[in-house]
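K.L.:
pasted the sequence and its predicted model underneath.
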Amino acid sequence: MVSEELHRATRAELAGLPVEVAPRLLGAELRTLVAGSAVHLRLTEVEAYHGQGTGPEPDPGSHARMGRTARNATMWGEAGHLYVYLSHGIHSCVNVVSGAEGQAGGILLRAGEIVQGADAAAVRRGVTAPLTGRVVRDLARGPGRFGQAAGLRHPLHDGIDAITGAELDGATAELWLRDVPVSEVARGPRVGVAGIAGTDAFPWRFWIAGDPTVSPFRWGRGAQEASGSAR
DNA sequence: AGTAAGATCCAC
DNA sequence: TGGATCTTACTT
């Protein structure tokens, strides 16, 4: 189908506010080559994050909400690089930096469909079971799994450039955008920050409606605590 | 210097 | 439902 054709992303296409760019990443592909293994991930679920001074209102759920720090420095840099951070001491999660240079902005890649390299992704994930439909579906379902399947790790690959595809510590990454944006876009509250006061006003999670690789939303975590602790 | 919590995942 | 596992940032 012509409407599903892809092209290499340019920095200009990522220069807008993350909340505006995020839905354009749905259906796009992140293609990584790490240690000789290529994995192509079709993005099905993303979340936008701003920072102090980005956009009309401060984003209370962002790593950059308090300003620039050593950890979130990549978020303040040039669009098109990848902000890779460590979550809970275990998981490397991947963001596409967007917005103007000097302003913090990132789009968390929460889930994807592996369209090439499922075998390599399974090895990285430690999955030894036969690659049935369900096993393959779950390989990059959730931000921690996505980062591991892609082969990108904190801190080695933080800041890698997905526009030029330049090599960094044995890895390359390329972002391919759709010529025509996907039409079936759903949006809702972000996952994992729902307990932070004020984040309900930022429904900045976007996903492809009905796609089986979208991660399941867990109402029992932060969202439930919010109703008890937030007034 | 100490500590609490975190943009998560998996097993019990 | 809770533990893993370690970094970050805020408190003493």
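P.N.:
Nice, thanks for sending it over.
K.L.:
residues contacting the spatially closest residue to residue A:66 that is not a sequence neighbour?
P.N.:
Counting by C-beta to C-beta, 6 or more residues apart in numbering, residue A:52 is the residue found nearest to residue A:66 once chain neighbours are left out, at 6.4 Å. Just so you know, the C-beta spots here come from the backbone N, C-alpha and C atoms, and that holds for glycine as well. With contact taken as C-beta atoms under 8 Å, 6 or more residues apart in numbering, residue A:52 is in contact with A:58, A:64-68, A:104.
K.L.:
ok, and does stretch A:108-126 reach over to DNA strand C?
P.N.:
No - with C-beta under 7 Å from any atom of the strand as the measure, stretch A:108-126 is seen stopping short of DNA strand C, the closest distance being 12.9 Å.
K.L.:
buried ones in that stretch?
P.N.:
Taking 16 or more other C-beta atoms under 10 Å as the basis for neighbour counts, the residues of stretch A:108-126 that come out buried are A:108-114, A:117-118, A:120-122, A:124-125.
K.L.:
let's have the residues you listed in TSV, adding pLDDT and secondary structure.
P.N.:
Formatted as TSV, the entries for the buried residues of stretch A:108-126 read as follows, by pLDDT from 0 to 100; DSSP: H, G, I helix; E, B strand; the rest coil:
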residue	pLDDT	secondary structure
A:108	98	strand
A:109	98	strand
A:110	97	strand
A:111	97	strand
A:112	98	strand
A:113	98	strand
A:114	97	strand
A:117	97	coil
A:118	97	helix
A:120	96	helix
A:121	97	helix
A:122	96	helix
A:124	96	helix
A:125	96	helix
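K.L.:
closest to residue A:14 among these?
P.N.:
Set against residue A:14, the nearest of those by C-beta to C-beta is residue A:109 (13.2 Å).
K.L.:
so the closest one sits against residue A:92, correct?
P.N.:
No - between residue A:109 and residue A:92 there is no contact under C-beta atoms under 8 Å: 11.3 Å.
K.L.:
rewinding a little: how near is the residue nearest to residue A:66 to DNA strand B?
P.N.:
Remark: distance between residue A:52 and DNA strand B (C-beta to the nearest atom of the strand, to the nearest Å) = 12 Å.
K.L.:
what residues are up against the residue nearest to the spatial centre of chain A?
P.N.:
Among the residues of chain A, the one closest to the centroid is residue A:109, at 1.4 Å (C-alpha atoms, centre = their mean). Neighbour list for residue A:109: A:25, A:30, A:41, A:43, A:45-46, A:93-96, A:143, A:146-147 [criterion: C-beta under 8 Å, 6+ apart].
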